[in-house]
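> The sequence and its predicted three-dimensional model are supplied below.
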Amino acid sequence: MGIKLLDAPTNRRDDPRAKTYIIDFLPPNSVIRRRVEIRNTSDEAKSVDVYAGAADIQDAKFIVGADRTPNELSTWVSFDRTHFDVPARSTTTVLATITVPAQATGGEQYAAIWAQVAAPPSGPGMVRMVNRVGVRIYLSVGPGGEPRSDFEIENLTPARTADGRPEVLAQVHNTGGRAVDVSGSLTLSDGPGGLRAGPFQVSAGKTIEPGGRAQVSVLLDQKLPVGPWKAELSLASGLINRTATAVITFPSSPGVGEPVVPQSPYFTGVLVGLLAVACTALGWIGIRSWRRRRADLRTEW
């Protein structure tokens, strides 16, 4: 089975997360509707159940409840149909409606829409096989405007795994009021002899709740020299992009090095601005000195 979200809010049209997950902000006593496509990729018709179930964020993971475990958000979700057959190698569309009650709890809540296929037990006492695919729901509820989404990369830590591979660990802090799903890549430059390496992909994306912190990791090539290297980590969540740059040196044996605070983009921008001002001032002083010197020479002549 496969499942795909077909709709996204117009104000999130360019947000790649909103094309995969239901992400929205709603005041109490409001309604949204989203179409979900369910695909049968097998060579035989399947009987499908559709329902909403509980979810939460724990240890930087989007955790779904077992079977049909409900939570507040899942009880707000209804469907135009909940049981139907999907022919072999074909698709069907289900309309999901989320109705936020007037007395809804404020803040961000999580759930999932599931399409489930269950095979009957092959014999007495045998286990029933269940296959389900889902779409995440991130719904923020409250009056006024939507909470800001943002995160920052607090530090980069060089490390080496037990099997000898260099690794970069990054501490990420969700500084906004919405959950973020961070992923990205690392590039190394200015290494020994001017070496460059990468980009290397983040090992696994993290889902971080508002105000939470998580560590993302990037495993590198075992043949890389210890350094020093200029490490540039770029992470994204939807339309939010953050980059951290630091000079690191990997441990020569398994272990974890000291965390390095990234160079501040603000400080770098201010420094570049000051250098530009200084260069302009020096150039102006040089021009004035040259003009004054020409005037003196004419006077002497």
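Received it, and whenever you're ready, just let me know what you need.
> Point out where the stretch 101-250 of the chain drops to low pLDDT.
Counting by pLDDT under 70, the stretch 101-250 of the chain contains low-confidence ranges at 120-123, 125-128.
> what sits against the closest residue to Ala18 other than its chain neighbours?
Among residues not flanking Ala18 along the chain, Arg12 sits closest, at 3.7 Å (CB to CB, 6 or more residues apart in numbering). Backbone N, C-alpha and C define where each C-beta goes, glycine included. Arg12 sits next to Ala18, Ile23, Asp24, Gly238 when contact means CB atoms under 8 Å, 6 or more residues apart in numbering.
> Present these as a markdown table; the columns should include secondary structure.
A markdown table is the format used below for the contacts of Arg12 (DSSP: H, G, I helix; E, B strand; the rest coil):
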| residue | secondary structure |
| --- | --- |
| Ala18 | helix |
| Ile23 | strand |
| Asp24 | strand |
| Gly238 | coil |
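> top of those residues by neighbour count?
Most neighbours among these, by other CB atoms under 10 Å: Ile23, with 24 neighbours.
> check contacts around that one.
Counting by CB under 8 Å, 6+ apart, Ile23 has contacts Pro9, Arg12, Asp15, Arg17, Tyr138, Leu139, Gly238.
> What's the local residue count around the nearest residue to Pro87 once chain neighbours are set aside?
Leaving aside its sequence neighbours, Pro87 sits nearest to Ala45 (CB to CB, 6+ apart; 5.1 Å). Residues near Ala45, counting by other CB under 10 Å, number 13.
> Ala45 and Asp85: what is the separation?
According to CB to CB, to the nearest Å, Ala45 stands 5 Å off from Asp85.
> Repeat that for Lys223.
54 Å.
> Pull the residues that contact stretch 65-78.
For stretch 65-78, the external contacting residues (CB under 8 Å, 6+ apart) are 51-56, 96-101, 104-105, 109-113, 137, 139.
> how about that stretch as CSV, C-alpha atoms only?
Listed next in CSV are the C-alpha coordinates belonging to stretch 65-78 (Å, rounded to 0.1, in the frame of the first residue of the first chain):
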residue,chain,number,x,y,z
GLY,A,65,0.3,5.0,18.9
ALA,A,66,-0.4,1.3,18.6
ASP,A,67,-3.4,0.3,16.5
ARG,A,68,-6.3,2.8,16.9
THR,A,69,-5.1,4.5,20.1
PRO,A,70,-6.8,7.9,20.2
ASN,A,71,-5.8,11.3,21.5
GLU,A,72,-7.5,14.7,21.4
LEU,A,73,-6.5,15.6,17.8
SER,A,74,-7.4,12.2,16.4
THR,A,75,-11.0,12.5,17.7
TRP,A,76,-11.4,15.7,15.6
VAL,A,77,-10.7,13.8,12.3
SER,A,78,-13.4,12.3,10.3
